[in-house]
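Test case, fold it:
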Amino acid sequence: MRIVFSHGKESGPKATKILAMQSVAERLGIPSISVDYQGLETVSERVDKLLLSTSSNIDPLVLVGSSMGAYASIAAQQRLSTVQGLFLLAPAVGLPGYETDGIKSLPEKTVVIHGWQDEIIPVNNAISFCRQHSISALLLKDDHRLSQSVELICKQFELFLKSAKA
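So this is what the prediction gives:
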């Protein structure tokens, strides 16, 4: 298994949440990469770069994304046969340009973590997305950045990875 991290629009590949989750992956002996999308403005550019970053990989993949990176992970997994899980933080869903009507299916191991006070992506968008695809959601007392919940996110990520390896 290999993990591919995708950061949000205003973030970078060495963001706090990514570094914390990479530490969890390292502890579990799971290799990971963090794709750098800085300078790419459109989600389609990000999806293309994510697909290029995974094109030579034959290992099962877990795609981890935050905000725009979560949406890019959702879109890319539609074209990848090796994705066994999605771990999505404050996914940019249900906004203009981030529609999910064309999403056929998601991996069985898909989790969404979203903040009740998200000021960028309404929590109801995440709830609707989860309901539409019958996937698990964890709603936290936090905002879009989920910066108050990094420790809890890492605990959930560890449980997610252990279940994905089983």
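
Show the average pLDDT along the longest helix seen in the chain.
Within the chain, and with DSSP state H defining each element, the longest helix by residue count is helix 150-165. Taken as a whole, helix 150-165 carries a mean pLDDT of 95.

same question, stretch 76-90
According to the model, stretch 76-90 has a mean pLDDT of 95.

and the end-to-end length of that stretch?
Length of stretch 76-90, first residue to last, Cα to Cα, to the nearest Å: 17 Å.

Show me what counts as buried in it.
Neighbour counts over stretch 76-90 (16 or more other Cβ atoms under 10 Å) mark 76, 77, 80, 83, 84, 85, 86, 87, 88, 89, 90 as buried. For the C-beta atoms, the positions are set from N, CA and C on the backbone; glycine is no exception.

How about stretch 94-105?
By 16+ other Cβ under 10 Å, the buried positions in stretch 94-105 come out as 94, 98, 100.

circling back to that earlier point, helices - which of the buried residues of stretch 76-90 land there?
76, 77.

Also compute the angle for the helix or strand containing residue 19 relative to helix 150-165, please.
Secondary structure from DSSP states H and E places residue 19 in helix 16-27. Computed by axes from the mean of the first three to the mean of the last three Cα atoms, to 10 degrees, the angle separating helix 16-27 from helix 150-165 equals 40 degrees.

For the one helix or strand residue 74 maps to, name the packing helices and strands.
With elements delineated by DSSP H and E, residue 74 resides in helix 68-77, which encompasses its position. Helix 68-77 makes packing contacts with strand 2-6, helix 43-54, strand 61-66, strand 83-89 when contacts are defined by 3 or more Cβ pairs under 8 Å, 6 or more residues apart in numbering; DSSP states H and E.

the inter-axis angle of it versus helix 43-54?
Here the directions of helix 68-77 and helix 43-54 differ by 60 degrees (the same axes, to 10 degrees).

Now do the buried residues in helix 68-77.
Using 16+ other Cβ under 10 Å as the burial criterion, the residues of helix 68-77 that qualify are 68, 69, 70, 71, 72, 73, 74, 75, 76, 77.

export these to JSON lines and tack on distance to residue 117?
Converted to JSON lines, the buried residues of helix 68-77 look like this (distance: Cβ to Cβ, whole Å):
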{"residue": "68", "distance to residue 117": "19"}
{"residue": "69", "distance to residue 117": "20"}
{"residue": "70", "distance to residue 117": "18"}
{"residue": "71", "distance to residue 117": "20"}
{"residue": "72", "distance to residue 117": "24"}
{"residue": "73", "distance to residue 117": "23"}
{"residue": "74", "distance to residue 117": "23"}
{"residue": "75", "distance to residue 117": "26"}
{"residue": "76", "distance to residue 117": "28"}
{"residue": "77", "distance to residue 117": "28"}
